[in-house]
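**Q** Fold the following for me, if possible:
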Amino acid sequence: MGLFDWMFRRGRKVEPDPVAPPSTDASLRGAAKPAEPAPPPPPADQYAATDFLPITREEIVDAAKEHGRLLWTAFQFGRPSQIPPTSDPRTQIIDRALVTHGLLTPEDLTEIHTVGAEYDEVKPTEMAIAAAAGLAGNAAVQEYREAKEREKARKKAESAARKKARAAEVKRRRDTDIIFLGRGVSGRLHMRLSDEASLTARGLPVLHAPADVAKALGLTIKQLRWLAYHTEAATRTHYVKFEIPKKSGGMRTLAAPHKRLKAAQHWVLANVVNKLPTTDAAHGFVPGRGIVSNANPHVGKAVVVNLDLSDFFPTITFFRVRAVFERYGYSGSVASVLALLATECPRASVTYAGTKYEAATGPRGLPQGAPTSPGLSNQVARKLDKRLLGVATKLGLTYTRYADDLTFSGGPELAGKIGWLLAKVRHVAKEEGFAVNEKKTRVMRRSAAQMVTGVVVNDKPSVSRDELRRLRAILHRAKSEGLDAQNRENRPNFTEWLRGKIAFVSMVRPDTGAKLKAAFDAL
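**A** Next up is the predicted model:
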């Protein structure tokens, strides 16, 4: 006998479960079919007296053995939102116990189960609720996903628009401005305000930004960036390098700028550098001064002391040159561009992965061969000149400088102060960023030829006797042997070399130079 039959034994009539009509709720369409509602309880008059007898333990044990755990695991039982139906075996047991113990009457139970049945007809079933909740949840998830996709698309569109605008702005700025010229040299390119009053007072061109420099040089921004850009390794540089022998031995490396950079440097020299003031002690590369004006103050002195600065041009680095332009009123960006145009790194040729590079071997400095280097060196050495002039004045000496040659001269009292003077000059030079070449330091007295920048200054400016005898001999033998036969040192352009020597003599001793030039022209 089944559990259902056992619960409704003793002649109780069991009606088949009616089929619940399909739900017309639009929200439940497409959901799983709701569970069928429980049948209404039998009328009160159908309950037999035996239905309310006390439940014995044996009956419960027999039911448990026959139906296993089903009696305690029916899913509908225990839900607070549902009145347990009479079809649930446990409902029968509970109803029987309630009536047996006088807690409820059969009529009360009938009414309760009738209400439950009617409620189940109008209330969505648990499955329908779950289905509706599932549909609503799915719809909410779908809406969330769609909203998220729309937000993602919006952000992508905004990002693409920003990238496009940024690319356009970068292109515009690259075409109209310079904001980067290499690592380590671009730190002041954001400074765009020059001291216009100071520049105007000195007759200097007023330039505030790199675009102003490009316009003044007749270049595009792209061309100016190419000329001024600093790189540690390049496949091509703006200079042609070659070596010439030094008078003291060894080789001197010269760097000649290419045509476009050279033109830019000449503009900077003519419009800026040549208009900057120089000290009275500077005679090299100053209009109206030269080696003769540098030697004249030392003529007829008892003692002449000559010192030489080591690596003069390479010691004057990019940062020192930039400071020169800033000192006179140019903005950081203009000063940086002008300094980059005037400086270059020492480089060595290297090959990497089959490609030849010119790799930097030191910091940017003034190249020997650039037209701007001499004038800028005078500006960087201004403080050095002022301090050494102070030293010379204190000792009653005369001081001049021609590029890297420092010359002091004085009377017999200087002989006892030479050691102190040399030490002081070394100290001052070091503090100003230079170094004295000890090998070229010379102390000359009147008992020997006193030479200052190639000019003899013992009694009057002159050329050494050996040099004059040599030139006269060349010209004399050339009358009979020819000029080419006198090129015993195999100089590549002997005629121009001889012409330059005669011009030098003419500058120092015009009368002697005129005679030599006449003999040369006669050849």
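
**Q** from here on, contacts and neighbour counts on C-alpha atoms
**A** Will do.

**Q** which residues sit against stretch 463-474?
**A** Gly454, Val455, Val456, Leu483, Gln486, Ile502, Val505, Val508, Arg509, Leu516 (Cα atoms under 8 Å, 6 or more residues apart in numbering).

**Q** mind listing the helices for the stretch 101-250 of the chain?
**A** When secondary structure is read from DSSP state H, counting those that start in this stretch, the stretch 101-250 of the chain shows helices at 106-122, 126-176, 196-201, 210-217, 221-228.

**Q** Now do the shortest one: distance to the chain's middle.
**A** Put plainly, it is helix 196-201. 33 Å (Cα atoms, centre = their mean, to the nearest Å).

**Q** could you say what helices and strands it packs with?
**A** The helices and strands touching helix 196-201, judged by 3 or more Cα pairs under 8 Å, 6 or more residues apart in numbering; DSSP states H and E, number zero.

**Q** what comes up buried for that helix?
**A** Residues Glu196, Leu199 are the ones in helix 196-201 that count as buried (16 or more other Cα atoms under 10 Å).

**Q** Ok, the last one next?
**A** Of the residues in helix 221-228, those scored as buried under the neighbour-count criterion (16+ other Cα under 10 Å) are Ile221, Leu224, Arg225, Leu227, Ala228.

**Q** Go ahead and confirm the third one touches Ile179.
**A** No - assessed by Cα atoms under 8 Å, Arg225 is found out of contact with Ile179, at 9.7 Å.

**Q** Which residues are in contact with each of those two?
**A** Common contact partners of Arg225 and Ile179 (Cα under 8 Å, 6+ apart): none.

**Q** Could you count how many residues lie near the residue nearest to Leu109 when sequence neighbours are not counted?
**A** With Cα to Cα, 6 or more residues apart in numbering as the criterion, Leu109 has its nearest non-adjacent residue at 7.2 Å, and that residue is Asp95. By other Cα atoms under 10 Å, 20 other residues sit near Asp95.

**Q** what helix or strand is Asp95 on?
**A** Per DSSP states H and E, Asp95 falls inside helix 89-100.

**Q** Let me see the mean pLDDT of that helix.
**A** On average, the pLDDT along helix 89-100 is 78.

**Q** what do you get for stretch 149-156?
**A** 95.

**Q** start the count at 2, not 1, going forward
**A** In the new numbering, first residue 2, that becomes stretch 150-157.

**Q** Give me the distance from it to the chain's centre.
**A** From the chain centre to the centre of stretch 150-157 is a distance of 32 Å (Cα atoms, centre = their mean).

**Q** and it, C-alpha only, in CSV?
**A** Once non-C-alpha atoms are left out, stretch 150-157 reads as follows in CSV (Å, rounded to 0.1, in the frame of the first residue of the first chain):
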residue,chain,number,x,y,z
GLU,A,150,29.2,47.7,-24.0
ARG,A,151,27.7,51.1,-24.8
GLU,A,152,29.9,52.7,-22.1
LYS,A,153,32.9,50.8,-23.4
ALA,A,154,32.2,52.0,-27.0
ARG,A,155,31.7,55.5,-25.8
LYS,A,156,35.1,55.5,-23.9
LYS,A,157,36.8,53.9,-27.0
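
**Q** got a list of contacts for that stretch?
**A** Outside stretch 150-157, no residue touches it (Cα under 8 Å, 6+ apart).

**Q** How about stretch 355-372?
**A** Contacts for stretch 355-372 (Cα under 8 Å, 6+ apart): 233-238, 254-258, 263, 266-267, 270, 314-319, 343-352, 374, 378.

**Q** which parts of that stretch are buried?
**A** Across stretch 355-372, burial judged by 16+ other Cα under 10 Å covers 358-361, 364-372.

**Q** related to what we said a few turns ago, redo the helices of the stretch 102-251 of the chain as TSV? Include distance to Ala382.
**A** Below are these laid out as TSV (distance: least, Cα to Cα, whole Å):
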stretch	distance to Ala382
helix 107-123	105
helix 127-177	35
helix 197-202	21
helix 211-218	25
helix 222-229	24
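
**Q** Which of those has the lowest mean pLDDT?
**A** Among those, helix 107-123 has the lowest mean pLDDT, at a mean of 82.

**Q** sec struct for Ala257, please.
**A** strand (DSSP: H, G, I helix; E, B strand; the rest coil).

**Q** Distance of it relative to Val269?
**A** 16 Å (Cα to Cα, to the nearest Å).

**Q** again, but for Ala169
**A** In terms of Cα to Cα, Ala169 sits 33 Å off from Val269.

**Q** Pick out whichever of those two has more residues nearby.
**A** Between Ala169 and Val269, Val269 has the larger neighbour count (other Cα under 10 Å), namely 21 against 12.

**Q** which residues touch the more buried one?
**A** When contacts are taken as Cα under 8 Å, 6+ apart, Val269 is in contact with Leu339, Thr373.

**Q** Look up the pLDDT of it for me, please.
**A** We have a pLDDT of 98 for Val269.

**Q** Confirm that it lies within a strand, as I assumed.
**A** No - counting by three-state DSSP, Val269 is not found in a strand; it is helix.

**Q** rewinding a little: can I get the buried residues of helix 222-229 in a markdown table including distance to Arg173?
**A** A markdown table is the format used below for those (distance: Cα to Cα, whole Å):
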| residue | distance to Arg173 |
| --- | --- |
| Ile222 | 11 |
| Leu225 | 16 |
| Arg226 | 14 |
| Leu228 | 20 |
| Ala229 | 19 |
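
**Q** Pick the one among these closest to Lys425.
**A** Distance to Lys425 across the buried residues of helix 222-229 (Cα to Cα) is lowest for Ala229, with 38.4 Å.

**Q** which residues does the closest one contact?
**A** Contacts of Ala229 by Cα under 8 Å, 6+ apart are Leu182, Val338, Leu341, Leu342.

**Q** Can you tell me the closest non-neighbouring residue to Thr401?
**A** The shortest distance from Thr401 to any non-neighbouring residue, by Cα to Cα, 6+ apart, is to Ala282 (4.5 Å).
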